[in-house]
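>>> Structure of the sequence below:
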Amino acid sequence: MNLPIIKKLLYEKAINRAFFTIWGIAIQEFKMSFTQFFTFRSPILSFLRVLKYLFLSLNRLSFGRSARLSYAFKGEDRLIESILKPRITKTGFYVEVGCNHPTFISNSFLFYRRGWRGICIDANERLIAKYQYQRPKDKAVCAFVSNSLLPVEFVEFTNDVLSSSDKAYIQQCLQQGNRIASKKIMQPRSLTEILDEQQCPKNFDFLSIDVEEHDYQVLLSLDLERYQPRLIIVEAEDFNPEKPEQHPIFNLLKSNNYRLEGYILTNLYFTKLNQQKEV
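This next block holds a predicted model:
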(Lines give C-alpha, C1' and ligand atoms only; values in the text may rest on other atoms or scores of the structure.)
Protein backbone atom coordinates (compact mmCIF):
# COMPACT_ATOMS: atom_id res chain seq x y z
CA MET A 1 0.00 0.00 0.00
CA ASN A 2 1.41 3.35 -1.05
CA LEU A 3 0.71 5.58 1.98
CA PRO A 4 2.03 8.84 0.43
CA ILE A 5 -0.43 8.51 -2.46
CA ILE A 6 -3.33 7.81 -0.06
CA LYS A 7 -2.39 10.81 2.10
CA LYS A 8 -2.20 12.98 -0.99
CA LEU A 9 -5.66 11.86 -2.11
CA LEU A 10 -7.16 12.50 1.33
CA TYR A 11 -5.46 15.67 2.46
CA GLU A 12 -4.23 17.64 -0.56
CA LYS A 13 -7.71 18.89 -1.47
CA ALA A 14 -10.70 19.41 0.79
CA ILE A 15 -13.06 18.24 -1.94
CA ASN A 16 -11.24 14.89 -2.10
CA ARG A 17 -11.52 14.41 1.66
CA ALA A 18 -15.23 15.28 1.54
CA PHE A 19 -15.78 12.77 -1.26
CA PHE A 20 -14.11 9.90 0.60
CA THR A 21 -15.82 10.87 3.86
CA ILE A 22 -19.29 10.73 2.31
CA TRP A 23 -18.54 7.34 0.75
CA GLY A 24 -17.14 6.05 4.02
CA ILE A 25 -20.22 7.14 5.99
CA ALA A 26 -22.59 5.67 3.39
CA ILE A 27 -20.76 2.34 3.42
CA GLN A 28 -20.74 2.22 7.23
CA GLU A 29 -24.46 3.01 7.45
CA PHE A 30 -25.23 0.46 4.72
CA LYS A 31 -23.16 -2.21 6.46
CA MET A 32 -24.83 -1.64 9.83
CA SER A 33 -28.45 -1.33 8.63
CA PHE A 34 -29.51 -4.94 9.17
CA THR A 35 -27.67 -5.32 12.47
CA GLN A 36 -29.09 -2.11 13.94
CA PHE A 37 -32.70 -2.27 12.76
CA PHE A 38 -33.82 -5.87 12.32
CA THR A 39 -35.59 -7.50 15.27
CA PHE A 40 -37.55 -10.75 15.58
CA ARG A 41 -40.08 -8.87 17.75
CA SER A 42 -41.38 -7.36 14.52
CA PRO A 43 -39.69 -9.16 11.60
CA ILE A 44 -41.73 -7.75 8.73
CA LEU A 45 -41.83 -4.10 9.82
CA SER A 46 -38.21 -4.11 10.96
CA PHE A 47 -37.08 -5.64 7.65
CA LEU A 48 -38.93 -2.88 5.80
CA ARG A 49 -37.10 -0.42 8.08
CA VAL A 50 -33.80 -2.05 7.11
CA LEU A 51 -34.64 -1.55 3.43
CA LYS A 52 -35.52 2.08 4.13
CA TYR A 53 -32.13 2.85 5.67
CA LEU A 54 -30.26 0.83 3.06
CA PHE A 55 -31.92 3.03 0.43
CA LEU A 56 -31.09 6.22 2.35
CA SER A 57 -27.44 5.18 2.66
CA LEU A 58 -27.08 4.65 -1.06
CA ASN A 59 -29.23 7.59 -2.12
CA ARG A 60 -27.13 10.12 -0.22
CA LEU A 61 -24.18 9.39 -2.54
CA SER A 62 -25.97 11.09 -5.42
CA PHE A 63 -26.16 14.34 -3.42
CA GLY A 64 -22.55 14.40 -2.19
CA ARG A 65 -21.72 16.58 0.80
CA SER A 66 -25.13 18.27 0.55
CA ALA A 67 -26.67 15.11 2.02
CA ARG A 68 -24.98 15.31 5.43
CA LEU A 69 -28.03 14.49 7.53
CA SER A 70 -29.06 15.69 10.97
CA TYR A 71 -31.80 14.10 13.04
CA ALA A 72 -31.48 16.44 16.02
CA PHE A 73 -33.71 19.46 16.67
CA LYS A 74 -31.03 22.12 16.10
CA GLY A 75 -28.21 20.15 14.51
CA GLU A 76 -26.77 18.96 17.83
CA ASP A 77 -25.67 15.63 16.34
CA ARG A 78 -23.55 17.40 13.72
CA LEU A 79 -21.88 19.45 16.46
CA ILE A 80 -21.24 16.30 18.50
CA GLU A 81 -19.63 14.73 15.46
CA SER A 82 -17.50 17.84 14.87
CA ILE A 83 -16.24 17.91 18.47
CA LEU A 84 -15.57 14.17 18.90
CA LYS A 85 -14.28 13.61 15.33
CA PRO A 86 -14.79 9.82 15.51
CA ARG A 87 -13.36 7.55 12.86
CA ILE A 88 -16.06 6.54 10.40
CA THR A 89 -15.64 2.87 11.29
CA LYS A 90 -15.62 3.55 15.05
CA THR A 91 -18.61 2.27 17.00
CA GLY A 92 -19.00 4.30 20.18
CA PHE A 93 -21.32 4.56 23.18
CA TYR A 94 -23.71 7.30 24.31
CA VAL A 95 -26.19 8.04 27.09
CA GLU A 96 -29.19 10.23 26.29
CA VAL A 97 -31.40 11.49 29.13
CA GLY A 98 -34.67 12.94 27.86
CA CYS A 99 -34.28 10.93 24.67
CA ASN A 100 -37.94 11.35 23.60
CA HIS A 101 -38.65 9.72 20.19
CA PRO A 102 -36.20 7.11 18.79
CA THR A 103 -35.62 8.91 15.49
CA PHE A 104 -37.35 12.31 15.56
CA ILE A 105 -35.29 15.21 17.00
CA SER A 106 -32.81 12.71 18.44
CA ASN A 107 -29.24 13.68 19.34
CA SER A 108 -28.04 10.08 19.10
CA PHE A 109 -29.86 8.51 16.12
CA LEU A 110 -27.25 9.70 13.61
CA PHE A 111 -24.67 7.62 15.51
CA TYR A 112 -27.00 4.66 15.99
CA ARG A 113 -27.28 4.34 12.21
CA ARG A 114 -23.50 3.94 12.06
CA GLY A 115 -23.40 1.09 14.55
CA TRP A 116 -23.11 2.93 17.87
CA ARG A 117 -25.00 1.69 20.94
CA GLY A 118 -26.22 3.41 24.05
CA ILE A 119 -28.64 3.89 26.93
CA CYS A 120 -31.73 6.02 26.21
CA ILE A 121 -33.74 7.30 29.18
CA ASP A 122 -37.09 9.08 29.26
CA ALA A 123 -40.02 9.38 31.66
CA ASN A 124 -42.55 8.89 28.84
CA GLU A 125 -43.34 5.17 28.82
CA ARG A 126 -45.09 5.32 25.44
CA LEU A 127 -42.02 6.76 23.71
CA ILE A 128 -39.63 4.35 25.44
CA ALA A 129 -41.72 1.40 24.17
CA LYS A 130 -40.92 2.47 20.59
CA TYR A 131 -37.21 1.87 21.10
CA GLN A 132 -37.46 -1.93 21.21
CA TYR A 133 -38.80 -1.85 17.65
CA GLN A 134 -37.08 1.16 16.07
CA ARG A 135 -33.71 0.97 17.88
CA PRO A 136 -33.56 -2.61 19.18
CA LYS A 137 -29.83 -2.57 19.96
CA ASP A 138 -30.11 0.32 22.43
CA LYS A 139 -31.03 -0.10 26.09
CA ALA A 140 -34.19 1.96 26.67
CA VAL A 141 -35.15 2.84 30.24
CA CYS A 142 -38.35 4.52 31.41
CA ALA A 143 -37.36 6.61 34.42
CA PHE A 144 -37.51 10.08 35.90
CA VAL A 145 -33.91 11.04 36.67
CA SER A 146 -33.07 13.31 39.59
CA ASN A 147 -30.77 13.77 42.59
CA SER A 148 -33.83 13.81 44.87
CA LEU A 149 -35.62 10.66 46.05
CA LEU A 150 -38.94 12.42 46.70
CA PRO A 151 -41.80 11.36 44.38
CA VAL A 152 -42.62 13.89 41.66
CA GLU A 153 -45.60 14.60 39.41
CA PHE A 154 -44.55 14.21 35.79
CA VAL A 155 -46.79 16.07 33.35
CA GLU A 156 -46.98 14.86 29.75
CA PHE A 157 -48.16 17.40 27.20
CA THR A 158 -49.78 16.52 23.88
CA ASN A 159 -46.60 18.03 22.46
CA ASP A 160 -44.49 15.44 24.29
CA VAL A 161 -41.17 17.24 23.85
CA LEU A 162 -42.41 19.75 26.44
CA SER A 163 -43.22 17.19 29.16
CA SER A 164 -41.74 18.19 32.52
CA SER A 165 -42.04 18.17 36.30
CA ASP A 166 -41.09 21.82 36.77
CA LYS A 167 -44.19 23.71 37.96
CA ALA A 168 -43.15 27.12 36.61
CA TYR A 169 -42.27 25.62 33.22
CA ILE A 170 -45.56 23.68 33.10
CA GLN A 171 -47.51 26.85 33.84
CA GLN A 172 -45.63 28.67 31.08
CA CYS A 173 -46.49 25.91 28.60
CA LEU A 174 -50.16 26.07 29.58
CA GLN A 175 -50.21 29.84 29.09
CA GLN A 176 -48.84 29.29 25.58
CA GLY A 177 -51.81 27.09 24.74
CA ASN A 178 -50.27 23.63 25.19
CA ARG A 179 -52.58 20.91 26.51
CA ILE A 180 -51.85 18.26 29.13
CA ALA A 181 -52.14 14.66 27.93
CA SER A 182 -51.58 12.93 31.28
CA LYS A 183 -50.12 13.23 34.77
CA LYS A 184 -48.42 10.57 36.85
CA ILE A 185 -46.47 10.29 40.08
CA MET A 186 -42.98 8.88 39.55
CA GLN A 187 -40.25 7.74 41.90
CA PRO A 188 -36.99 9.41 40.78
CA ARG A 189 -33.83 7.44 40.16
CA SER A 190 -30.27 8.70 40.02
CA LEU A 191 -28.39 8.55 36.74
CA THR A 192 -25.57 6.69 38.49
CA GLU A 193 -28.00 3.97 39.60
CA ILE A 194 -29.37 3.54 36.08
CA LEU A 195 -25.91 3.40 34.47
CA ASP A 196 -24.77 0.85 37.07
CA GLU A 197 -27.85 -1.27 36.39
CA GLN A 198 -27.36 -1.12 32.61
CA GLN A 199 -23.61 -1.88 32.87
CA CYS A 200 -22.58 1.34 31.19
CA PRO A 201 -18.87 1.74 30.32
CA LYS A 202 -17.05 3.96 32.80
CA ASN A 203 -15.62 6.04 29.95
CA PHE A 204 -17.97 6.61 27.03
CA ASP A 205 -18.28 9.04 24.15
CA PHE A 206 -21.05 11.45 25.02
CA LEU A 207 -23.83 12.22 27.49
CA SER A 208 -26.80 14.26 26.26
CA ILE A 209 -29.26 15.79 28.74
CA ASP A 210 -32.46 17.59 27.75
CA VAL A 211 -35.19 17.29 30.39
CA GLU A 212 -36.97 20.66 30.38
CA GLU A 213 -35.72 22.66 33.37
CA HIS A 214 -34.47 19.64 35.35
CA ASP A 215 -31.06 19.26 33.69
CA TYR A 216 -28.95 20.41 36.65
CA GLN A 217 -30.61 17.89 38.95
CA VAL A 218 -29.84 15.11 36.45
CA LEU A 219 -26.17 16.08 36.45
CA LEU A 220 -26.11 16.17 40.26
CA SER A 221 -27.37 12.58 40.27
CA LEU A 222 -24.34 11.35 38.28
CA ASP A 223 -21.09 10.32 39.94
CA LEU A 224 -18.64 12.09 37.61
CA GLU A 225 -15.69 10.32 39.19
CA ARG A 226 -17.12 6.92 38.30
CA TYR A 227 -18.54 7.84 34.89
CA GLN A 228 -16.56 10.18 32.66
CA PRO A 229 -18.06 10.89 29.22
CA ARG A 230 -15.72 12.59 26.77
CA LEU A 231 -18.43 15.10 25.88
CA ILE A 232 -21.46 16.37 27.82
CA ILE A 233 -24.26 18.24 26.06
CA VAL A 234 -26.77 19.81 28.40
CA GLU A 235 -29.61 22.27 27.89
CA ALA A 236 -29.44 25.53 29.86
CA GLU A 237 -31.81 28.19 28.55
CA ASP A 238 -30.83 30.70 31.27
CA PHE A 239 -27.07 30.51 30.60
CA ASN A 240 -25.24 33.82 30.12
CA PRO A 241 -22.04 33.24 28.08
CA GLU A 242 -20.62 36.55 29.31
CA LYS A 243 -20.89 35.39 32.93
CA PRO A 244 -20.58 31.59 32.82
CA GLU A 245 -19.46 31.34 36.44
CA GLN A 246 -22.93 32.45 37.53
CA HIS A 247 -24.50 29.24 36.25
CA PRO A 248 -24.52 26.10 38.46
CA ILE A 249 -24.04 23.69 35.55
CA PHE A 250 -20.87 25.47 34.47
CA ASN A 251 -19.47 25.44 38.01
CA LEU A 252 -20.37 21.79 38.59
CA LEU A 253 -18.69 20.55 35.43
CA LYS A 254 -15.70 22.85 35.75
CA SER A 255 -15.06 21.47 39.25
CA ASN A 256 -15.11 17.97 37.71
CA ASN A 257 -12.44 18.83 35.14
CA TYR A 258 -14.67 19.68 32.18
CA ARG A 259 -14.09 22.60 29.84
CA LEU A 260 -16.85 24.59 28.15
CA GLU A 261 -16.28 24.31 24.41
CA GLY A 262 -19.24 26.39 23.37
CA TYR A 263 -22.80 27.56 23.90
CA ILE A 264 -25.05 27.31 20.87
CA LEU A 265 -28.71 28.31 21.08
CA THR A 266 -29.77 26.64 24.37
CA ASN A 267 -27.12 23.93 24.68
CA LEU A 268 -23.78 23.83 26.50
CA TYR A 269 -20.98 21.61 25.19
CA PHE A 270 -18.34 20.43 27.68
CA THR A 271 -15.31 18.20 27.00
CA LYS A 272 -13.36 16.21 29.55
CA LEU A 273 -9.84 17.52 30.15
CA ASN A 274 -6.72 15.35 30.51
CA GLN A 275 -8.38 12.48 28.69
CA GLN A 276 -6.41 10.93 25.88
CA LYS A 277 -7.98 11.66 22.55
CA GLU A 278 -8.69 8.96 20.02
CA VAL A 279 -6.11 8.70 17.24
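
>>> May I see the buried residues of stretch 118-125?
Residues of stretch 118-125 classed as buried: Gly118, Ile119, Cys120, Ile121, Asp122, Ala123, Asn124 (neighbour count, 16 or more other CB atoms under 10 Å). (Each C-beta comes from the backbone N, C-alpha and C, glycine too.)

>>> actually stretch 252-263, not the one I wrote
Result for stretch 252-263 [16+ other CB under 10 Å]: buried residues Leu252, Leu253, Asn256, Tyr258, Leu260, Glu261, Tyr263.

>>> And the furthest pair within those residues?
Asn256 and Tyr263 (18.1 Å; CB to CB).

>>> about what we covered before: closest to Thr35 out of the buried residues of stretch 118-125?
Comparing these against Thr35 with CB to CB places Gly118 closest, at 14.8 Å.

>>> next one: the host helix or strand of the closest one to chain centre, how far?
Assessed by DSSP states H and E, Gly118 sits inside strand 117-122. Mean-position distance between strand 117-122 and its chain equals 8 Å (CA atoms, centre = their mean, to the nearest Å).

>>> could you say what helices and strands it packs with?
Under the contact criterion of 3 or more CB pairs under 8 Å, 6 or more residues apart in numbering; DSSP states H and E, strand 117-122 touches strand 93-97, helix 125-134, strand 139-142, helix 191-197.

>>> so that strand versus strand 93-97, what angle?
Interaxial angle of strand 117-122 relative to strand 93-97 (axes from the mean of the first three to the mean of the last three CA atoms, to 10 degrees): 0 degrees.

>>> Would you map out the domains in the protein?
Split into domains by automatic domain parsing, the chain comes to 1-65, 70-148+188-272.

>>> so which of the ones you listed is the most packed in?
Highest mean neighbour count among those (mean count of other CB atoms under 10 Å): domain 70-148+188-272, with a mean of 19.

>>> Could you work out which of the helices and strands packed on strand 117-122 reaches nearest to Ser148?
helix 191-197 (12.5 Å).

>>> So which other helices or strands are in contact with that closest one?
Helices and strands touching helix 191-197, as assessed by 3+ CB pairs under 8 Å, 6+ apart, comprise strand 93-97, strand 117-122.

>>> Show the subsequent helix or strand relative to it.
Next element after helix 191-197 (DSSP H and E): strand 206-209.

>>> what does whichever helix or strand comes after that next one contact?
As assigned by DSSP H and E, the chain's next helix or strand after strand 206-209 is helix 215-220. Taking contacts as CB atoms under 8 Å, 6 or more residues apart in numbering, the residues outside helix 215-220 that touch it are 97, 145-148, 191, 209, 211, 232, 234-236, 248-249, 252-253.

>>> Which secondary structure elements does the helix or strand that helix 215-220 is followed by sit against?
Following helix 215-220 in sequence order, the next helix or strand is strand 231-235 (DSSP H and E). Packing contacts for strand 231-235, counted by 3+ CB pairs under 8 Å, 6+ apart, involve helix 76-84, strand 206-209, helix 215-220, strand 267-272.

>>> Sounds good, over and out.
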